[in-house]
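# structural data only, the sequence is not supplied:
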Ligand code: C2E
Ligand code: CA
Ligand code: CA
């Protein structure tokens, strides 16, 4: 009779018990992967205990009924089959985790079910034939001719796993690569050892080792989970994108940004805010079980889904419906406002970084838009590319000091001379093509470059004014964007700059639009008051466009209002336009505010405006914006003539 050593099995049972305790203690979010792993652990433990029981009953076979031994040993073989099948299925799922095409997984499952049925049939047939094991006349356990059939099946499963891994290795996660590099060789090694020393039972050791290797891989995955919501974090989103792009898969990504979430925190407290975020993750998982959910930013979630048959619009609709309804969490009820952006990747040649950029750019557009989802498409790609190139060009131009400040002389109607000018930034491509400020200024504001650019203009203007080269030029106005106006360093820095160049503050004028003025009325008023006290005065720019109203001009200390050129489109031919422009001029004069008419393009306009008492005229008819080197000859010439064309 064979005498078996159970020491490896008992040792394995202890390790397995520790593993089970440690796994339970982690309180991970219940995922399908986690549940499968737990089933594997229980089956492994069951098979080891059953094996130990079988060995004990075989030792006492003489004192036990034959049917009990037969039953226990058959049961053991059966549990081993189930365990090996479940574990192999789990491994297949992990290998193919990042492959949406389920063809390979279906094939693997069919193979596993086939093998399991075959082996179960062998176990049943063994009761009659004794091909796996039997009990001889003395009730002693004997190995049948096909006793090692289980190892045969295990080898087939291992081979199938290796083939599946090799075929899909570009999409296999790093932790699974680690599993596949260690598990098959170790299993083979143990099987050889078992074959050489059949009396040392190693079945339990093999499964425990497999469980242990998987456990280690799970551990490394925990850092990929978002601790608040239990869904994947940004890191795992990037990893998964990389894997899918590397294997040129087709997929659909939706980026979802929660809007005004600070309001939720303010209304219900941060704990409730966290609960709303958790609920968002739950809802996304509920509605999209076929995809994976990630929390990629504080209030941004990403959904990675299989390529849709219907273009993906139904999914966006589901999300809009879901977030359009009020959600109730305990006593808190709120509608979470979201913005959506999505992207279809059809085996595109993109990098993970590009996809992230595309998505964030599209979400940005969605945030600025009216609430409709924005899909990253060819047109968006072109815009995005242009934006990227422009930002790169601006950075390069800043580094290489290639930005230029041009000046548009402004005609002083009372003194009949160009006594002022507006400083306007100019940027050109390396090929010399000019880029319109209307295109690069908003981008500079978005990318934060505007600060550096504005100070560049201030420096240039102060240098020009202090050079004494342009004696007729009393002042120059500069345009300030929103960001500088909120900058606490604005006032001290302006003062330092003026002091450095020894300039009187009234030589520098600041133009702001109403958009800048109303963003934080109190702060703006205080900054304006402080600068006015210093002697730096303000112009309200673009009056007459969407960004202006009378109350702003009245409430804030503006020295001057610049009527936008859109007010002059039909001026002076259209009597309505004349009434409006003349009315505005006299109204502002009554309020002691001077008026600049911008965009004067004809003699008729200039004459009519001068006749009705406008203070300043600016426009192509009088002078176009020009570089510094042209400004001096221009001013000298016009001063000689005194009144050039007006
Ligand atoms: P803005 O402040 O309203 O500047 C006046 C714009 O009107 C300039 O366009 C100027 O070239 C243009 N203009 C002048 N006369 C005429 C005319 O007779 N007809 C027409 N159609 N246009 C005329 P530009 O230089 O393209 O600047 C566009 C905008 O870019 C500026 O509008 C300003 O908002 C912004 N910008 C330019 N330089 C700077 C800067 O240094 N800082 C900031 N923050 N913004 C700037
Ligand atoms: Ca301006
Ligand atoms: Ca303007």
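Now that the structure is in, tell me what you want to look at. These numbers come from a predicted model, not from an experiment. Ligands and ions are numbered 1, 2, ... in the order given.
# give me the pLDDT for the nearest residue to residue 359 once chain neighbours are set aside.
Distances taken as CB to CB, 6 or more residues apart in numbering place residue 255 nearest to residue 359, at 4.4 Å, with adjacent residues excluded. From N, CA and C alone the C-beta is placed, and that goes for glycine too. We have a pLDDT of 97 for residue 255.
# quick check: bridge partners of residue 255?
Taking DSSP bridges as the rule, residue 255 bridges to residue 302, residue 341.
# do I have it right that it meets residue 304?
No: Residue 255 is beyond contact range of residue 304, at 10.4 Å (criterion: CB atoms under 8 Å).
# give me the more crowded residue out of those two.
More crowded of residue 255 and residue 304, by other CB atoms under 10 Å: residue 255, with 28 against 21.
# now the more buried one: how far from ligand 2?
36 Å (CB to the ion, to the nearest Å).
# please report how far that residue lies from residue 443.
Per CB to CB, to the nearest Å, residue 255 is found 21 Å from residue 443.
# my guess is residue 455 is in a helix, correct?
Yes: Residue 455: assigned to a helix according to DSSP: H, G, I helix; E, B strand; the rest coil.
# give the contact list for the residue nearest to residue 359.
296, 300-302, 340-343, 359-360, 362-363 (CB atoms under 8 Å, 6 or more residues apart in numbering).
# cool, residue 257 as well?
Counting by CB under 8 Å, 6+ apart, residue 257 touches 297, 299-300, 338-341, 363, 366-367.
# now those residues as JSON lines including neighbour count and pLDDT?
Formatted as JSON lines, the contacts of residue 257 follow (neighbours: other CB atoms under 10 Å; pLDDT from 0 to 100):
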{"residue": "297", "neighbour count": "14", "pLDDT": "93"}
{"residue": "299", "neighbour count": "21", "pLDDT": "94"}
{"residue": "300", "neighbour count": "19", "pLDDT": "95"}
{"residue": "338", "neighbour count": "22", "pLDDT": "94"}
{"residue": "339", "neighbour count": "23", "pLDDT": "94"}
{"residue": "340", "neighbour count": "22", "pLDDT": "95"}
{"residue": "341", "neighbour count": "26", "pLDDT": "94"}
{"residue": "363", "neighbour count": "23", "pLDDT": "92"}
{"residue": "366", "neighbour count": "23", "pLDDT": "90"}
{"residue": "367", "neighbour count": "13", "pLDDT": "89"}
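# looking at those, which are in strands?
Judged by DSSP state E, strands contain the following of those: 297, 300, 338-341.
# out of these, who's nearest residue 479?
residue 339 (30.3 Å; CB to CB).
# my read: that closest one touches residue 260, true?
No: between residue 339 and residue 260 there is no contact under CB under 8 Å: 10.6 Å.
# mind listing what's buried along stretch 341-349?
Neighbour-count burial for stretch 341-349 flags 341-345 (criterion: 16 or more other CB atoms under 10 Å).
# so residue 191 sits right up against residue 152, yeah?
No: in this structure residue 191 lies outside contact range of residue 152 using CB under 8 Å: 10.3 Å.
# can you list the low-confidence ranges for the stretch 151-300 of the chain?
218, 220-222 (pLDDT under 70).
# what does the chain have sitting close to ligand 2?
Applying CB under 5 Å from the ion, we find that the chain lies next to ligand 2 at 479, 511, 541.
# what about 6 Å?
422, 479, 511, 541 (CB under 6 Å from the ion).
# what secondary structure does the closest residue to the second one other than its chain neighbours sit in?
In this case it means residue 479. Spatially, and ignoring its direct neighbours in sequence, residue 479 is nearest to residue 511 (4.8 Å; CB to CB, 6+ apart). Here residue 511 is strand, with the state taken from three-state DSSP.
# count of neighbours near residue 511?
Residue 511: 19 surrounding residues under other CB under 10 Å.
# ok, now the one 3 residues further on?
Using other CB under 10 Å, the number of residues around residue 514 comes to 20.
# tell me if I'm right that it and residue 538 touch.
No: counting by CB under 8 Å, residue 514 stays clear of residue 538, with 11.5 Å between them.
# helix, strand, or coil at the closest residue to ligand 3 within the stretch 301-450 of the chain?
Residue nearest to ligand 3 within the stretch 301-450 of the chain (CB to the ion): residue 422, separated by 8.2 Å. Of the three states, residue 422 takes strand according to three-state DSSP.
# next one: phi and psi at the nearest residue to residue 358 once chain neighbours are set aside?
Nearest residue to residue 358 in three dimensions, chain neighbours excluded: residue 376, at 4.5 Å (CB to CB, 6+ apart). Backbone torsions of residue 376, given as degrees, to the nearest 10, read phi -80, psi 110.
# could I get the contacting residues of residue 376?
Counting by CB under 8 Å, 6+ apart, residue 376 makes contact with 341-343, 358-359, 361-362, 384.
# list the buried ones in the one helix or strand residue 262 maps to?
Per DSSP states H and E, residue 262 falls inside helix 261-268. Using 16+ other CB under 10 Å as the test for burial, helix 261-268 gives 261, 264-265, 268.
# name the surrounding residues that touch it.
Against helix 261-268 from outside (CB under 8 Å, 6+ apart): 272-273, 276, 298-299, 332, 334, 336.
# and it, how far out from the chain middle?
Remark: helix 261-268 is offset 22 Å from the chain centroid, using CA atoms, centre = their mean, to the nearest Å.
# can you name the next helix or strand after it?
helix 270-287.
# for that next one, give me every contacting residue.
226, 228-231, 256, 258, 261, 264-265, 268, 293, 295, 299, 301, 303, 318-319, 322, 327, 329-330, 332, 334, 336.
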